[in-house]
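> for reference, the sequence and a predicted model appear below.
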Number of protein chains: 2
Amino acid sequence: MQERRFAIIGHRAKSNGKLNLNDLAGSGGRMDVLVRAINSALFLSHGIRKNTHITIHMMGGEGPPRRIWFDGAKVWGLHPDERAIAGQIGKIMVEPTPARGHWIEHQPGIWHSGGDLSVTLNEWDKEDVEIVKLDADAVAFSEQYNTSINNRIGFILSDDQPFTDEENKLLEQKSKSISLGKNWIQGHTAIGVVHHLLDTINDQ
Amino acid sequence: MQERRFAIIGHRAKSNGKLNLNDLAGSGGRMDVLVRAINSALFLSHGIRKNTHITIHMMGGEGPPRRIWFDGAKVWGLHPDERAIAGQIGKIMVEPTPARGHWIEHQPGIWHSGGDLSVTLNEWDKEDVEIVKLDADAVAFSEQYNTSINNRIGFILSDDQPFTDEENKLLEQKSKSISLGKNWIQGHTAIGVVHHLLDTINDQ
């Protein structure tokens, strides 16, 4: 089965401390954007996409940046609403951040680690993931992919802010760029569209 | 500009009384599903799709069913996170439900009315909307639509429950059925995919 990965960068998403579930967008640093990305990556109407992973990058607030990795094959008991997903993230945020690249399993299928995009790109590179940056200005998905897609493909998205210059430089080395259209759509919508396009190719 | 409409049926979504923003999925009757549909219908990463409307149908709880209509051309001050959108719905739920088909503007771009799917279908029919039921088992979107799409198109979705027999009977009379693929995807994801497919046709 094709393995699908998503990674989203939360440029000011709080990485440590108490997460206020009533204020994900404000004091959480647009944590709502990351939470919706998790929903759209993992959930079907009934059930979980077991072939899909998503790693959120929490780059804001105080303390070192943290990544949380949700593995659709193993996660269970997760509910799709924003507050429920954010509640799981909040439980992890009060734990010390592990070292860069050192993954600790917090509960089945949910891991966390220190590090940023550069670490994720190196990990994916070693694991033979075809890495794709989503970028409204790039070539269209349909021109790049038709019937042949790597069995292990990973998409990198930004939150409501564009990628930084440093991130773009890293991505140029490790990834190709693909567009889903001229509009700058929300991250979770982009994930839903990618699933649809890959599902359509796989259904053929 | 092409006008896009969405309508989603919340089969047990609470229609009247106090909405607990901390429990949208439980006591709200899967209100979270409707709220995410509103997000994906209206929001781009930055800004609102001004050509899009969405009407949620709150069929559960006590008291008469209620519909709330968000008009992307006029709504303002709406934030994309679930809690913020649900907060707007909660303010309306404590108001008396208007009569079937009688729309009252609660604030700019947000209206409410009594009635159910049959009333919405009659309204759309009179307004020359091409009505489309989203149904995983129907013919593919791409086979039905290529370059020619009615200027006023409206999509009907269910929440996490299938349409009732009565709803299916109404829809058979007034709509065609279109599939977005074999998976039963979440409602808000389906809305995001429809926008993508229509955007792609319009970009050509």
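Right, received. Where do you want to start? Owing to the predicted nature of the structure, the values given are computational and were not obtained by experimental measurement.
> next, the closest residue to A:Asp199 other than its chain neighbours: secondary structure please.
Spatial nearest neighbour of A:Asp199, chain neighbours left out: B:Gly181 (4.9 Å); criterion: C-beta to C-beta, 6 or more residues apart in numbering or on different chains. No exception for glycine: its C-beta is placed from N, CA and C like everyone else's. Put simply, B:Gly181 is coil when judged by DSSP: H, G, I helix; E, B strand; the rest coil.
> you'd agree B:Gly181 is up against A:Leu198?
No: using C-beta atoms under 8 Å, B:Gly181 is not in contact with A:Leu198; the gap is 10.1 Å.
> quick check: which element contains A:Ala86?
A:Ala86 belongs to helix A:82-93 when elements are defined using DSSP states H and E.
> so, in contact with chain B or not, that helix?
Yes: with C-beta under 8 Å from any C-beta of the partner chain as the measure, helix A:82-93 is seen reaching chain B through A:82-84.
> which one (most neighbours) among these?
Highest neighbour count within the residues of helix A:82-93 next to chain B: A:Glu82, with 27 neighbours (other C-beta atoms under 10 Å in any protein chain shown).
> surely that one touches A:Asn22?
No: assessed by C-beta under 8 Å, A:Glu82 is found out of contact with A:Asn22, at 11.1 Å.
> how close does A:Ser113 get to chain B?
For A:Ser113, the distance to chain B equals 26 Å [C-beta to the nearest C-beta, to the nearest Å].
> report how many residues lie close to that residue.
A total of 21 residues lie near A:Ser113 under the criterion other C-beta under 10 Å.
> and the contacts of the helix or strand hosting A:Trp69?
Assigned by DSSP H and E, A:Trp69 belongs to strand A:66-71. For strand A:66-71, the external contacting residues (C-beta atoms under 8 Å, 6 or more residues apart in numbering or on different chains) are A:15-16, A:38, A:41-42, A:53-58, A:78, A:89, A:92-93, A:97, A:103, A:109-116, A:119-120.
> helices along chain A, start to end?
A:31-42, A:82-93, A:117-126, A:141-144, A:165-174, A:187-203 (DSSP state H).
> those residues of chain A touching chain B, which are they?
Residues of chain A lying close to chain B (C-beta under 8 Å from any C-beta) are A:21-22, A:24-25, A:32, A:36, A:39-40, A:43-46, A:79-84, A:160, A:180-189, A:192-193, A:195-196, A:199-200, A:203.
> lowest-confidence helix or strand of chain A?
Sorting the helices and strands of chain A by mean pLDDT, DSSP states H and E puts helix A:141-144 at the bottom, at a mean of 82.
> how far off centre is it?
21 Å (C-alpha atoms, centre = their mean, to the nearest Å).
> and it, what does it pack against?
Here helix A:141-144 touches strand A:176-179, helix A:187-203, going by 3 or more C-beta pairs under 8 Å, 6 or more residues apart in numbering or on different chains; DSSP states H and E.
> from those, which stretch is densest packed?
With neighbours taken as mean count of other C-beta atoms under 10 Å in any protein chain shown, the helices and strands packed on helix A:141-144 reach their highest mean count in helix A:187-203, at a mean of 21.
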